[in-house]
Structures are given as structure tokens and as C-alpha cells.
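This is a predicted model, with the sequence first.
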Amino acid sequence: MDVLSLIGLVLAFVAIVGGNFLEGGHISALLNGPAALIVLGGTLGAVLLQTPIAVFMRAMSIGRWIFVPPRIDLARGILLVTAWSNTARKEGLLGLEPVAETEPDPYARKGLQLLVDGVEPEVIRSVLEVDLYTQESRDLRAARVYESMGGYSPTIGIIGAVMGLIHVMGNLADPGQLGRGIAVAFVATIYGVAFANLLVLPVGNKLKSVVQRQTAYREMLLEGVLSIAEGENPRSIEMKLQGFMD
């Protein structure tokens, strides 16, 4: 569980609601069903219009990474690669076959299998780089779905506010309702701006940072597998991979 993300989310909304309360406002003034429907429904509709369904579903799938990110331990990865290189040095590349069969990471397992099959280093690099860039591109496109939401929602909030003002202007015969009507109309703007800047834009940026860290881990594995294929000394491999550490 990423506690920092949870604290940030709670703090952001507590600050908004708390500031409204300190100014003498009431929580009921910020609750408006039609405004929420306009902003959330309009934003979702716009994103669905521009996004392929596979990318949208991937975006929803990786949304959990905000609070439960995948474990990416570069130090542990370096130890794994060093252990593989020691095994290859002592038993030959075929000694890595039992390791490949039990390796849970699909990317690492493919690299190990290529080593066991005796594939040339240039071919190993080509195969693993295709996987690396494909996975990175897929997840970055998914993260940008949230950024798209952040781009649309403030504008749709303004549309909701204008629609509310049109409704108010149609009731000018009752001046007593003007103040309340205008206040309710601008709730849509608050929803649009808050949804963008307190939720979906931070989510998109957080997901991109997770994807970039995953890519760095896979690049480290790629370099390690290539070094093993080229017969480098395990100690030299470990020192080389230390350069991937933060």
C-alpha cells in the first residue's frame, strides 16, 4: 500500500472542504447531483470517444497502482542477475533452465529462456527490446488517459456552469432565487477543476513514474542477460548494473 498517495488524496480534499468551512460555507453548498453528472459523464464520454477500448481498459486496470504499485526492487534484481551469472559460469547456460522454469517475471523468464536456447546476444537484445518498448508504450498510453480526463473536465465544468446560468437567467422574474442559482451553477466549475487537479492529473503523473521505473528495471535485466550471454565476469556484471540504482 502506497500510504503517501492515500495521504495526498485525503489532504487535498480535506483542504478544499476545510477551507470552505472556515469561510463560513456549508458542505451542502458543494453537493450538486446535476453538476456532478455533467462533469463526470461529459469527461468520461469525451475520453471514450478518443480512446481505443483496449487502452481505456488498460488504464482502468493499472489505476490500482496508485495505492498498490507493483514491486520494483532494483537491488534485488541486481542480486538475481548476479546469481544467474554465477550459475552460468559454474554450470553453463543450460544450468539456467531450472531457474527459467520457476522465474515468476515473464520478462526475466523470456530472457533466461533465450540464454538457455543459446541465442546470439544481438538477437536477445532485439527480442527483449521489442518487449520492453511495447510494454512501456502500452502503459504510457494508458496513463495518458487520465491526463486526457484532466484536460477535458475543467472545460466541461465551465459548460455546466454556463448551463446553470442559462437556467438562472430564465428565472429573472424571481430575484430571490438569483443568488442561490448562480452559486449552484458555479459548483460545476469547482467539480471540473477539482477533478482535474486533485485527482486525474496527479494519478496520470504517478502512473507514468511507475511505468518509467518498470522500464528501468527491465533495462537492467536486459543488460544483465546480455552480459551473461557474452560471458562477462559476475563481479563485473554486478558493478555494471549498480549504475541503474537511484
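Arrived safely. From a predicted model like this one, the values you see are computed outputs, not experimental measurements.

Run through the residues that contact the residue nearest in space to the middle of the chain.
Central residue of the chain (Cα atoms, centre = their mean): Leu207, 1.8 Å from the mean position. Contact partners of Leu207, counting by Cβ atoms under 8 Å, 6 or more residues apart in numbering, are 62-63, 65-66, 139, 142-143, 146. The way it works is simple: take the backbone N, C-alpha and C, and place the C-beta from them, glycine included.

mind running it again at 7 Å?
Each residue near Leu207 by Cβ atoms under 7 Å, 6 or more residues apart in numbering is listed here: 62, 65, 143, 146.

Next: Gly164.
Contacts of Gly164 (Cβ under 7 Å, 6+ apart): 184-185, 188.

For Val200, state which of those is nearest.
Taking Cβ to Cβ as the measure, Val200 lies nearest Ala188 of the contacts of Gly164, at 16.3 Å.

what's the following helix or strand after the lowest-mean-pLDDT helix or strand in the chain?
Among the helices and strands of the chain, helix 178-195 carries the lowest confidence by mean pLDDT, DSSP states H and E, at a mean of 81. Sequence order places helix 201-229 as the next helix or strand after helix 178-195, per DSSP states H and E.

Mind listing what's buried along the helix or strand following that next one?
Counting by DSSP H and E, the next helix or strand C-terminal to helix 201-229 is helix 234-241. Of the residues in helix 234-241, 234, 237-238, 240-241 count as buried by neighbour count, 16 or more other Cβ atoms under 10 Å.

Take those and write them to a markdown table, including distance to Val203 and pLDDT.
Converted to a markdown table, the buried residues of helix 234-241 look like this (distance: Cβ to Cβ, whole Å; pLDDT from 0 to 100):
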| residue | distance to Val203 | pLDDT |
| --- | --- | --- |
| Pro234 | 41 | 91 |
| Ile237 | 37 | 93 |
| Glu238 | 36 | 93 |
| Lys240 | 35 | 92 |
| Leu241 | 31 | 93 |
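
Tabulate these (CSV), appending distance to Gln113.
Output for the buried residues of helix 234-241, formatted as CSV (distance: Cβ to Cβ, whole Å):
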residue, distance to Gln113
Pro234, 20
Ile237, 19
Glu238, 22
Lys240, 22
Leu241, 20
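
Go through the chain and flag its longest helix.
Criterion DSSP state H: the longest helix present in the chain is helix 121-169.

From the contacts of Gly164, pick the one nearest Phe56.
Distances from Phe56 to the contacts of Gly164, taken as Cβ to Cβ, are shortest for Ala188 (24.1 Å).

Skipping its backbone neighbours, what lies nearest that closest one in space?
Of all residues not flanking Ala188 in the chain, Gly160 sits nearest, at 2.8 Å (Cβ to Cβ, 6 or more residues apart in numbering).

okay, the angle between the least confident helix or strand of the chain and helix 201-229?
If you take axes from the mean of the first three to the mean of the last three Cα atoms, to 10 degrees, helix 178-195 sits at 10 degrees to helix 201-229.

tell me which residues in helix 178-195 are buried?
Buried residues in helix 178-195, counting neighbours by 16+ other Cβ under 10 Å, are found at 181, 184-195.

list the contacts for Glu101?
For Glu101, the contact set (Cβ under 7 Å, 6+ apart) is empty.

where does the chain have low pLDDT?
Counting by pLDDT under 70, the chain shows low-confidence ranges at 1, 171-181.

how about Gly118, secondary structure?
coil (DSSP: H, G, I helix; E, B strand; the rest coil).

Number of residues surrounding the nearest residue to it once chain neighbours are set aside?
On the basis of Cβ to Cβ, 6+ apart, the spatially nearest residue to Gly118 that is not a chain neighbour turns out to be Leu93, at 6.5 Å. Around Leu93 there are 20 other residues, counting by other Cβ atoms under 10 Å.
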